[in-house]
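**Q** 3D, please:
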Amino acid sequence: MAASRPADAPRPPVPAGPPVYVIGAGPGGLAVARELRERGVRAVVLEKSDRVGASWRGHYDRLRLHTTRRLSALPGLPMPRRFGRWVSRDDVVRYLEKYAEHHRLEIVTGVEVHRVEPAADGTGWLLRASGGRELTGSAVVVATGFNHTPRLPDWPGHTEYDGELLHAARYRDAAPYRGRDVLVVGAGNTGAEIAVDLAEGGAARVRLAVRTPPHILRRSTLGWPAQYTGVLVRRLPVRLVDRLAGPVGRLSTPDLSAHGLPRPDTGLYSRVRQGAIPVQDAGLVDAVRTGRVEVVAAVRAFEDGAVVLADGGRITPDAVIAATGYVRALEGLVGHLGVLDGRGRPVAHGGRTSPRAPGLYFTGFTNPISGMLRELAIDAGRIAKAVAKSAGTPAAKAVEAVELERSAGKPAAKAVVKPIEKPTVEPAVQPTVRKPK
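**A** Coordinates of the predicted model:
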């Protein structure tokens, strides 16, 4: 992780010409913008909302990172120790605001990019954005987020259901549900935490509908965070990790089969590769064991004011909260370019690009066992290095020379970059967060 430095420290000059556009001012987009700026490449972040970190602001109040503070920081600015080991949602937002300010990133809010197309001259990209804007960039980084658009399953009868049905994206805290009977659908990290929050917050009854039993891990065992293990095993063969994880899981978490939550019959890492990250226990195990959270079968349909379960049972909760995940929603933006797989996810990410779309990068569309924020930080450097190298900027050549000396074990010489005479675009000299005119 790069060390932090004063905001007024000298930086490579920013060249004239079309900038690199970064779509999304979440942690991935901000990290890429910082790394590009460090390499003398002008990066303009386009954010459809009015502030950075919009998706983080919308998460439920209880949320804390399941990754450690140290391994969740973005390049160039550590998270403060006062945030604690497991950082809260509000502190993540504060950190992202400070990050944009500290690195003087150029961010334009209130601009939503609808479509990315190759530029007519074949040398860059054309972005079609809200308000009829057409922007030309030398490269594009898509950082619109893994959890972009809430996904609600097409359950039969759900549109006619007259009870309260909402996606977990709209849940904030347990206050509106005190004294009520609530069904939470989905046993991922979000569903598990919301169920616990409701039980602790005064809901009269909390049930958790589970389709596939999740792997449950202690967030930390004897001071050793589960994330550290995820980092260590990420590159190992899937079958090997599955074999190792089985005994560890049995030792660290009790068998909840008697309470309707059996151990999974598929390996932990096999599930991760399918997109199912283990549930970090933030109180679910105790809540299930004590009966404060009741496990029921998956939801099959809504019928005559009741919820029909997969085992044939029928229940009539006061509210249903669907923690059923999100979709990336990239089809309209880049689907026509042939860069998405069958699940709508980019075929290449990080510093690699699809042969069909050189200069189009993606970050934040994987959900790694080693931690999303850690991987965003790593990908940011890879993307910036690839962009700078392809751009052939003087700053890029200087940075490349320094990196070669470091890899050879020589003391790194100070990069000297000749300023560009009479630049047509002035670099941002202070934190720049502005709304379009």
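
**Q** how about the helices of the stretch 101-250 of the chain, start to end?
**A** Here the stretch 101-250 of the chain has its helices, by DSSP state H, counting those that start in this stretch, at 189-200, 226-233, 238-252.

**Q** what do you get for the stretch 301-437 of the chain?
**A** 331-334, 372-391, 394-407.

**Q** from the chain's centroid, how far away is stretch 96-106?
**A** 18 Å (Cα atoms, centre = their mean, to the nearest Å).

**Q** I meant stretch 226-234, not that one.
**A** 18 Å.

**Q** please save the CA atoms from that stretch in CSV.
**A** Only the C-alpha atoms of stretch 226-234 are listed here, as CSV (Å, rounded to 0.1, in the frame of the first residue of the first chain):
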residue,chain,number,x,y,z
ALA,A,226,-11.1,-14.6,8.5
GLN,A,227,-9.9,-12.1,5.8
TYR,A,228,-6.3,-13.0,6.5
THR,A,229,-7.0,-16.6,5.7
GLY,A,230,-8.9,-15.5,2.6
VAL,A,231,-5.8,-13.7,1.4
LEU,A,232,-3.6,-16.7,2.0
VAL,A,233,-5.7,-19.2,0.2
ARG,A,234,-7.1,-17.2,-2.6
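
**Q** now do that stretch, average pLDDT.
**A** Mean pLDDT, computed over stretch 226-234, is 88.

**Q** going along the chain, name the strands of the stretch 201-350 of the chain.
**A** Taking DSSP state E, counting those that start in this stretch to define them, one finds strands in the stretch 201-350 of the chain at 205-210, 216-218, 220-221, 224-225, 279-281, 294-297, 299-303, 306-309, 314-315, 319-322, 326-327.

**Q** and the ones you listed: which comes nearest residue 189?
**A** Among those, strand 279-281 comes nearest to residue 189, with 5.4 Å by Cβ to Cβ. Every C-beta, even on glycine, is put in place using the N, C-alpha and C of the backbone.

**Q** contacts for the closest one?
**A** Under the contact criterion Cβ atoms under 8 Å, 6 or more residues apart in numbering, strand 279-281 has outside partners 66, 187-189, 192, 214-219, 226, 253.

**Q** let me have the strands of the stretch 201-350 of the chain in CSV, extended by mean neighbour count.
**A** Shown next, in CSV, are these (neighbours: other Cβ atoms under 10 Å):
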stretch, mean neighbour count
strand 205-210, 24
strand 216-218, 21
strand 220-221, 16
strand 224-225, 16
strand 279-281, 22
strand 294-297, 18
strand 299-303, 18
strand 306-309, 20
strand 314-315, 15
strand 319-322, 22
strand 326-327, 16
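
**Q** residue 83: which of these is closest?
**A** Comparing these by Cβ to Cβ, strand 224-225 comes nearest, at 15.0 Å.

**Q** off-centre distance for the closest one?
**A** Using Cα atoms, centre = their mean, the offset of strand 224-225 from its chain centre is 21 Å.

**Q** got it, and stretch 216-230?
**A** 20 Å.

**Q** buried set for stretch 258-269?
**A** Under the neighbour-count criterion of 16 or more other Cβ atoms under 10 Å, stretch 258-269 has 259, 261, 264, 267, 268, 269 buried.

**Q** ignore the last one, stretch 189-209
**A** Neighbour count says stretch 189-209 has 189-199, 201, 203, 205-209 buried, by 16+ other Cβ under 10 Å.

**Q** pLDDT below threshold where in the protein?
**A** 1-16, 392-437 (pLDDT under 70).

**Q** 80 instead, please
**A** Applying pLDDT under 80 to the chain picks out residues 1-17, 391-437.

**Q** ok, residue 189 - contacts?
**A** Residue 189 sits in contact with 66, 277, 279, 280, where contact means Cβ under 8 Å, 6+ apart.

**Q** again but with residue 140, I slipped
**A** Contacts of residue 140 by Cβ under 8 Å, 6+ apart are 20, 21, 22, 23, 116, 125, 127, 359, 360, 361.

**Q** quick check, the last one in contact with residue 125.
**A** When you say that, I think you mean residue 361. No - at 10.7 Å, residue 361 and residue 125 do not qualify as touching, with contact defined as Cβ atoms under 8 Å.

**Q** neighbour count: the two, which is higher?
**A** residue 361 (28 against 21; other Cβ atoms under 10 Å).

**Q** so how far is residue 245 from that one?
**A** Separation of residue 361 from residue 245 (Cβ to Cβ, to the nearest Å): 32 Å.

**Q** what does residue 166 give?
**A** Separation of residue 166 from residue 245 (Cβ to Cβ) stands at 34 Å.

**Q** the more surrounded of those two?
**A** Each of residue 166 and residue 245 has its neighbours counted (other Cβ under 10 Å); residue 245 has more, 21 against 13.

**Q** give the contact list for that one.
**A** Here residue 245 is in contact with 215, 267, 268, 269 (Cβ under 8 Å, 6+ apart).

**Q** out of the residues you listed, who's nearest residue 42?
**A** Among the contacts of residue 245, and counting by Cβ to Cβ, the member closest to residue 42 is residue 269, at 40.4 Å.
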